[in-house]
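A.B. asks: Provide a 3D model corresponding to the input given below.
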Amino acid sequence: MTPNMVTIRSGGSVNFIVSGLHNIAIYDDGVTPTDINIALTTPTTSATPPVLPIIDDPNRRIYRGVDPSLQSRDRVEVVNFAAPGTYLVICGVLPHFAGGMYGYVRVLPN
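C.D. replies: Purely as a prediction, here's the structure:
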């Protein structure tokens, strides 16, 4: 993810520009990568390979994008952040997250 950390004001939005088979998942303030239970997964639903596991840990998750196997490989997902905090953003495709594909959105008070 580039950049690894973005900073916005509360009430602002982040445009996640997705290129490829990726799944945006956002976890609440204070969640760290080690808090994510990667044993909880769901498969992508398209019968067309690759069929990859998507992390399905709902604990403190505040957003999960749509199944990437059913979407255009090039798209934009817009997420609004109402409250201050530091939010963990991961690629929910298990091998991507396991390879270090995550970053943070730091939301400052208005």
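
A.B. asks: in stretch 90-103, what counts as buried?
C.D. replies: Buried residues in stretch 90-103, counting neighbours by 16 or more other CB atoms under 10 Å, are found at Ile90, Cys91, Gly92, Val93, Leu94, His96, Phe97, Tyr102, Gly103. Yep, even glycine has a C-beta here, placed from its N, CA and C like the rest.

A.B. asks: now the residue nearest to Gly12 when sequence neighbours are not counted: how far from Asp35?
C.D. replies: Nearest non-adjacent residue to Gly12, counting by CB to CB, 6 or more residues apart in numbering: Phe81, 6.3 Å away. Distance, Phe81 to Asp35, using CB to CB, to the nearest Å: 19 Å.

A.B. asks: returning to that earlier point: among the buried residues of stretch 90-103, which are located in helices?
C.D. replies: Counting by DSSP state H, the part of the buried residues of stretch 90-103 found in helices is Leu94, His96, Phe97.

A.B. asks: Enumerate every residue touching the spatially closest residue to the last one that is not a sequence neighbour.
C.D. replies: Translated: Phe97. Distance criterion CB to CB, 6+ apart; nearest residue to Phe97, sequence neighbours excluded, is Ile90 at 5.0 Å. Neighbour list for Ile90: Ile24, Ala25, Ile26, Tyr27, Pro33, Ile36, Ile55, Phe97, Met101, Tyr102 [criterion: CB atoms under 8 Å, 6 or more residues apart in numbering].

A.B. asks: counting contacts, what elements does the lowest-mean-pLDDT helix or strand in the chain pack onto?
C.D. replies: One helix or strand of the chain scores below all others by mean pLDDT, DSSP states H and E: strand 41-43, with a mean of 91. Under the contact definition 3 or more CB pairs under 8 Å, 6 or more residues apart in numbering; DSSP states H and E, strand 41-43 sits against strand 53-55.
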